[in-house]
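[1] just the structure for this:
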Amino acid sequence: MPIKKVKPNTPKRRHATYDSFSDISPKVSPEKKLLLIKKKKSGRNNQGKITVRHRGGGARRYIRLIDFKRDKFDVPAVVKTIEYDPNRGARIALLSYLDGEKRYITAPVGLKEKDMVVSSKDLVEIKPGNCMPLKFIPAGISVSSIEMEPGEGAKIARGAGNSVNVMGIEGKYAQVKMPSGEIRLIKKECLCTVGQASNPDKMHIKIGSAGRKRHLGIRPTVRGTAMNPVDHPHGGGEGKQSIGLKRPKTKWGKPAMGVKTRKKRRSNKLIMKRRPSKKKK
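    Here you go, the predicted model:
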């Protein structure tokens, strides 16, 4: 996906960058049977009270029903269109199966219109868009849209540009390197889609203005130190001061930033190597 810059007629447009949408099918409407109206669940409630901070407004949009399970096995499908989805960074592909059914999937890099793809529990051709269990993926191949448990649908590497590298198969597990750098064991019967998730250049887009952020449904965020003591634990004081606490707190007085939120789950034993630390040496 090429990123385009525009003539700087205003200060915001000088630094903002935009999606060229050159990688999607031109003048295509979404499949109506695979659409739902997206209801707003953030911002203010029916009493006018803010229940979710920093969220609200935003452009109206439809939800595209994505097939993350890919459970239509051994039925070839042709890619009708590559489309833009306002609810995710990656592109989506509309598949038309030989029996007439249509489904959306997240498109990998390299998938084009009129390509044939298939989902199977057996070995199929290693090409972008095909879906098969991890045990059939050779070492070094990048995959996306991976299940955590067989049959529950893709959970890992669904975002734009994400991919997981298969390191090898040992016993009943596949060793995979996650986008974060973590090396993890996943059951080899879990399905995955061959190829990196599409639209990897999304990370380079610069929003450029607050108004453009509001279209995404994100409202302004005020620092706690700029508030009064009644509004935030960090507030108060004469002039600009540090928070004066051992550690940062949320608006409700609970520890924030750096607090471990991960619960002790059985999946801990499936992590072979933790992701690299972000601490500066």
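
[2] look up which residues are beta-bridged to Thr81.
    Leu94 (DSSP bridges).

[3] what's near enough to touch it?
    Taking Cβ atoms under 8 Å, 6 or more residues apart in numbering, we find Thr81 in contact with 24-25, 28, 93-94, 113. To be clear about C-beta, it is placed using only N, CA and C from the backbone, and glycine gets the same treatment.

[4] do the same with Ala174
    Residues near Ala174 by Cβ under 8 Å, 6+ apart: 134-135, 137, 166-168, 185-188, 190.

[5] pull out the buried residues from the contacts of Thr81.
    By neighbour count, with 16 or more other Cβ atoms under 10 Å, those hold 24-25, 93-94 as buried.

[6] now the contacts of Thr81 in a markdown table, with pLDDT?
    A markdown table is the format used below for the contacts of Thr81 (pLDDT from 0 to 100):
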| residue | pLDDT |
| --- | --- |
| Ile24 | 94 |
| Ser25 | 93 |
| Val28 | 91 |
| Ala93 | 97 |
| Leu94 | 97 |
| Glu113 | 95 |
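
[7] pLDDT of stretch 257-269, averaged?
    Averaging pLDDT along stretch 257-269 gives 76.

[8] ends of that stretch, what's the gap?
    26 Å (Cα to Cα, to the nearest Å).

[9] and stretch 46-63, by the same measure?
    23 Å.

[10] any residues touching it, and which ones?
    Residues outside stretch 46-63 that contact it (Cβ under 8 Å, 6+ apart): 30, 35-38, 40-45, 86-87, 214-221, 251.

[11] how about that stretch: buried residues?
    If you call a residue buried by 16+ other Cβ under 10 Å, then stretch 46-63 has these buried ones: 55, 58.

[12] of the contacts of stretch 46-63, keep whichever come out buried.
    30, 42-43, 217-219.

[13] dump those residues into JSON lines; add distance to Val230, secondary structure and pLDDT as well.
    Shown next, in JSON lines, are the buried ones among the contacts of stretch 46-63 (distance: Cβ to Cβ, whole Å; DSSP: H, G, I helix; E, B strand; the rest coil; pLDDT from 0 to 100):
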{"residue": "Pro30", "distance to Val230": "48", "secondary structure": "coil", "pLDDT": "95"}
{"residue": "Ser42", "distance to Val230": "24", "secondary structure": "coil", "pLDDT": "88"}
{"residue": "Gly43", "distance to Val230": "22", "secondary structure": "strand", "pLDDT": "89"}
{"residue": "Gly217", "distance to Val230": "28", "secondary structure": "coil", "pLDDT": "94"}
{"residue": "Ile218", "distance to Val230": "26", "secondary structure": "strand", "pLDDT": "95"}
{"residue": "Arg219", "distance to Val230": "21", "secondary structure": "coil", "pLDDT": "95"}
